[in-house]
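**Q** Return a 3D structure for these sequence lines:
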Amino acid sequence: MSNFVRVRFAPSPTGYLHIGGLRTALYNYLYAKKQGGVFILRIEDTDRNRYVASAEQYITDSLKWAGIEPDEGVGYGGDYGPYRQSERKELYQQYVQQLLDEDKAYYAFDTPVELDAMRERLKAEGNSNQQYDAHSRNSMKNSLTLTEEESKNWIESGNPYVVRFKMPKNEEVSFQDVVRGTVTFNTNQLDDKILLKADSMPTYHMANIVDDHLMKISHVIRGEEWLSSTPLHVMLYRAFAWQPPVFVHLPLILKPNGKGKLSKRDGEQHGFPVFPLKWFNEDAQVEQPGFKEIGFLPEAFNNMLAFLGWNPGTEQEVFSKGDLTEQFSLERIQKAGARFDWDKAKWYNQQYLHQMNARELLSEIKDQFPTLVKEASDESIMSAIDLVKERMTFSTDFAQQATYLFKKPEQYDEKNVRKRYKAQNVEHFTQLIQQFEGLDDWQSPNIEQCLKAYLEANELGFGAVLPGFRLLLSGTMSGPSIFDIAAFIGKEATLERMKNGMEYFQTLIS
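**A** Next up is the predicted model:
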């Protein structure tokens, strides 16, 4: 095999792309870029019974959002197409026929009833392997037990049949996995897997082997769930006398408690996404947000995803995509499952968000909150971003943190109004309004100095007026410096909010 790296991401369009699948795509992408190789998108749509029409578009949309762009494949072209397996049907039949001709595969004519009876018989005999294999196939209805003429008549009569791989008996076979080391198995534990289904479509196992060989895939980087299928794949490579690729089986992404594989139900239970983009929840009949809609930045998402099963061996945790590409290595992929931590995921996004300047976030904020900022200039929006950015985890938090910067409060934290806005201090707010009216240079430091001067002149502490001042302007006790808020909304709006708020507060404390 050539030393040139060619890797593939080969999802099945049978449902929405889980973050576990996108992590597989990311690792393939990073390895290809690190090695100067090629990253391929191949759609493995041989399972026509479970095919979901919208799933393929969801896959490509997810890859584009995350910036994990293939070099060739479905939607990208290339010299090894077609890259959609349903368009390669005749090609697979050619290789199935080769195995049949070389007595490495056989026709099987068993009905579902006969298959169930076989399993029940083996169970009654105390056989732990209740499967169609080297030991049971000679008692079944197939081209090994029927005459050549009987098999030919069955096929030509249009009766359903499948083609099974003829697994050799009692052979020890080993392969190397980059993550798990040497893996050894005995063929007696393996069944005669179906290679060609009754609908003349190949199974994943057959199509996968043929495609990886013909597309010159150098490394198969895929989820741990495919580890148990790899012995069959190795035997198929051997049957064709082909050199197998390097195998890399990635650890599972686990539930937050570390027990079991992460699923969409875990997300629903704990309130976090497990899909990259919004998706339709058929159980609840509602559309659910993905990482994108919640407000994750693609680079933060990739950084978080990369660390679910890999680490650089240092204390550094925040990596740009370029940094990840430079540092990534297959040898640093861990064997144990990686526990998904929602708080850590949010932390990653927060780190990236805080590093971005206001102009980088401007278009996203304008797109997400057009009504809120429609009358504001770009400069004003960027100033608001600078004020509240440190309090945001996602860009979608902007409205919650900044609404009062663009319009007066529509409701107030009444519990804190009653607690912090005291009747004996009302006169001080009246006097402060007069002080502010005389302030010509309406800048944050000047507003602060004016208020401090009043407090000192009247021997008051900050607690006498500052909490009330914040509530009057923003309606809440949280937020950036109240002097920065006053400077942002302007002198006129500050005075108006103080006067209107004082009237309303009076009704709450009287």
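
**Q** Glu414 versus His205, what's the distance?
**A** Between His205 and Glu414 the computed distance is 65 Å (C-beta to C-beta, to the nearest Å). The way it works is simple: take the backbone N, C-alpha and C, and place the C-beta from them, glycine included.

**Q** So if I had to pick from the two, which one is more boxed in?
**A** Here His205 and Glu414 are compared on neighbour count by other C-beta atoms under 10 Å; more neighbours surround His205, at 18 against 14.

**Q** Let me see the backbone angles for that one.
**A** When read as degrees, to the nearest 10, the backbone of His205 gives phi -60, psi -50.

**Q** Surely Tyr132 and Leu122 touch.
**A** No: using C-beta atoms under 8 Å, Tyr132 is not in contact with Leu122, being 9.8 Å away.

**Q** So if I had to pick from the two, which one is more boxed in?
**A** Shown here are Tyr132 and Leu122; by other C-beta under 10 Å, Tyr132 has more neighbours (22 against 19).

**Q** can you give me the strands for this protein?
**A** For the chain, the strands defined by DSSP state E occupy 6-9, 38-41, 72-73, 105-108, 162-165, 172-177, 181-186, 194-196, 219-223, 246-250, 253-254, 279-281, 286-288, 338-339.

**Q** hey, which of those strands is tucked in deepest?
**A** When the strands of the chain are scored by mean count of other C-beta atoms under 10 Å, the highest mean neighbour count falls to strand 6-9 (a mean of 26).

**Q** elements contacting it?
**A** helix 19-35, strand 38-41, strand 219-223 (3 or more C-beta pairs under 8 Å, 6 or more residues apart in numbering; DSSP states H and E).

**Q** Which one, of these, ends up nearest to Gln269?
**A** Of all these, it is helix 19-35 that lies closest to Gln269, at 16.0 Å by C-beta to C-beta.

**Q** which of the residues in the longest helix seen in the chain are buried?
**A** Ranked by number of residues, the top helix in the chain under DSSP state H is helix 491-509. For helix 491-509, the neighbour count (16 or more other C-beta atoms under 10 Å) marks Lys491, Thr494, Leu495, Arg497, Met498, Gly501, Met502, Phe505 as buried.

**Q** on that earlier part again, I'd like the strands of the chain as JSON lines, with distance to Ile294 and mean pLDDT appended.
**A** Formatted as JSON lines, the strands of the chain follow (distance: least, C-beta to C-beta, whole Å; pLDDT from 0 to 100):
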{"stretch": "strand 6-9", "distance to Ile294": "24", "mean pLDDT": "98"}
{"stretch": "strand 38-41", "distance to Ile294": "25", "mean pLDDT": "98"}
{"stretch": "strand 72-73", "distance to Ile294": "28", "mean pLDDT": "98"}
{"stretch": "strand 105-108", "distance to Ile294": "48", "mean pLDDT": "98"}
{"stretch": "strand 162-165", "distance to Ile294": "44", "mean pLDDT": "98"}
{"stretch": "strand 172-177", "distance to Ile294": "35", "mean pLDDT": "94"}
{"stretch": "strand 181-186", "distance to Ile294": "38", "mean pLDDT": "95"}
{"stretch": "strand 194-196", "distance to Ile294": "41", "mean pLDDT": "98"}
{"stretch": "strand 219-223", "distance to Ile294": "24", "mean pLDDT": "97"}
{"stretch": "strand 246-250", "distance to Ile294": "24", "mean pLDDT": "98"}
{"stretch": "strand 253-254", "distance to Ile294": "18", "mean pLDDT": "96"}
{"stretch": "strand 279-281", "distance to Ile294": "12", "mean pLDDT": "84"}
{"stretch": "strand 286-288", "distance to Ile294": "10", "mean pLDDT": "87"}
{"stretch": "strand 338-339", "distance to Ile294": "20", "mean pLDDT": "96"}
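
**Q** Name all residues that make contact with Gly20.
**A** Gly223, Leu252, Ile253, Lys261, Leu262 (C-beta atoms under 8 Å, 6 or more residues apart in numbering).

**Q** now, which of those residues sits nearest Gly21?
**A** Nearest to Gly21 among the contacts of Gly20: Gly223, at 7.7 Å, using C-beta to C-beta.

**Q** what's across from the closest one in the sheet?
**A** Leu250 (DSSP bridges).

**Q** Isn't it up against Leu252?
**A** Yes: at 7.3 Å, Gly223 counts as touching Leu252 under the criterion of C-beta under 8 Å.

**Q** Return the residues in contact with Thr430.
**A** Neighbours of Thr430 in contact, by C-beta under 8 Å, 6+ apart: Met502.
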